Structures are given as structure tokens and as C-alpha cells.
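> No sequence on hand, only this structure:
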């Protein structure tokens, strides 16, 4: 249920960013919303996937700690904290495979949303891609380019529609998990 709450919170955050006309910031937040959606819906359908979610968390925690130590954490953290980091780095990680966002989307029957929306948000603004800079590059009359920033509203309806898609998918999967069937967009049995 926690992933669903994070999904809803990310959608709320995206709406605030969209309302303020921020051109690319909503993409990162909506991408996080869809990632949380995939995991929430996958777990609603197959609770046994929780072991793989836990394995991913454990593996990433140890991987990050080892990388922190290798990057010089000893000279940047208190000695007591460094001892804690070394203990985490020494933990044994279960061999069970972790669950990826792609696999969670598959388990949730949201592969199309993964391929179109989730991946598209990565290109459009959740990552440092050339496409994510489109709203900041202004072509000048002589054919040169300059950087600029102004609130944008051209994609407001489209982005809000994607927020609706995210929340609707989650609501439908949650109803399914609870044994309810939607009779209309507005009501349930």
C-alpha cells in the first residue's frame, strides 16, 4: 500500500508543478508516480513478489554503501557512522532476483504504460537528455540558439491526462485486488 500512497503523492506533486507552468519538472515526478504504480499493482496481484522487492532494496543498500566506502566516505563521515557503513557493506545479500520496474509493470498488466509513458518520461525530462532541454532552447532570428525559461502551458491538458491515467490504472487494479469490479468510470459495484 505504501507504493500506492507514494504514487498518489507524486501525482499531487506533478499537478502542482504543472499548474505553475514548469516545463520539464513534472516528467520526473510523474515517472516516479508510474514506477510506484507498477510496484503497487504488481504486489496487489502477486504478494509473493515482495521477496524480490526486499531483495532489490537489500542489494542496492549494500551496493551503495560499498561504493560510498570506495569513494572516500571514511574522511567525510563520523568514525561511528563509518563503522556502521562497514557493517552494512559486509552484509550477505540473498541470491533471489530483484524485481525491476519492467517486471512489476508486466505483473500489473501495465506494459503499454511502461513502454509509452514511463520510458517516454525518461526521454522527455526525467533524465538529462537532449530532448529534456527543448523547453529551454530558444531559436534566435539569425538561426542561432539561446537559453531561456518561461512558464509553459502548452502541455497542461496532456500532462493532467497522464496524471488521470496513472490514478485510474491504480484505482482499477486496487478494485480488482479487493474483488470489486468497476461498472462505470464514476462508480463501483
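Received it, and whenever you're ready, just let me know what you need. Note that the coordinates shown come from a computational prediction; the quantities given were computed from them, not determined experimentally.
> For the residue most central in space within the chain, pull up the helix or strand it's in.
Centroid-nearest residue in the chain: residue 32, 1.9 Å away (criterion: C-alpha atoms, centre = their mean). Per DSSP states H and E, residue 32 falls inside helix 25-45.
> moving C-terminal of that helix, what's the next helix or strand?
helix 50-70.
> And the contacts of the helix-or-strand element of the chain with minimal mean pLDDT?
Confidence across the helices and strands of the chain bottoms out at strand 137-139, with a mean of 82, counting by mean pLDDT, DSSP states H and E. Strand 137-139 is contacted from outside by 145-148, using C-beta atoms under 8 Å, 6 or more residues apart in numbering. Quick note: C-beta positions are derived from backbone N, CA and C, even for glycine.
> Most neighbours out of those, which is it?
Sorting the contacts of strand 137-139 by how many neighbours each has (other C-beta atoms under 10 Å) puts residue 145 first, at 11 neighbours.
> Not including adjacent chain positions, what is the nearest residue to that one?
residue 137 (5.3 Å; C-beta to C-beta, 6 or more residues apart in numbering).
> Who does the one you found form a beta bridge with?
residue 147 (DSSP bridges).
> Show the pLDDT at residue 154.
Predicted confidence (pLDDT) for residue 154: 89.
> Name the nearest residue to the residue nearest to the centre of the chain, ignoring sequence neighbours.
Closest residue in space to residue 32, ignoring its immediate chain neighbours: residue 10 at 4.7 Å, by C-beta to C-beta, 6+ apart.
> Please identify which helix or strand holds residue 95.
Going by DSSP H and E, residue 95 is not part of any helix or strand.
> That one and residue 167: what is the separation?
The gap separating residue 95 from residue 167 is 37 Å, by C-beta to C-beta, to the nearest Å.
> residues touching the closest residue to residue 102 other than its chain neighbours, list them.
Nearest residue to residue 102, sequence neighbours excluded (C-beta to C-beta, 6+ apart): residue 114, at 6.2 Å. By C-beta under 8 Å, 6+ apart, residue 114 lies in contact with 34, 38, 101-102, 105-106.
> got these as a markdown table, with pLDDT, neighbour count and distance to residue 44 columns?
Formatted as a markdown table, the contacts of residue 114 follow (pLDDT from 0 to 100; neighbours: other C-beta atoms under 10 Å; distance: C-beta to C-beta, whole Å):
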| residue | pLDDT | neighbour count | distance to residue 44 |
| --- | --- | --- | --- |
| 34 | 98 | 27 | 15 |
| 38 | 98 | 29 | 11 |
| 101 | 95 | 18 | 16 |
| 102 | 96 | 14 | 18 |
| 105 | 98 | 23 | 13 |
| 106 | 97 | 14 | 14 |
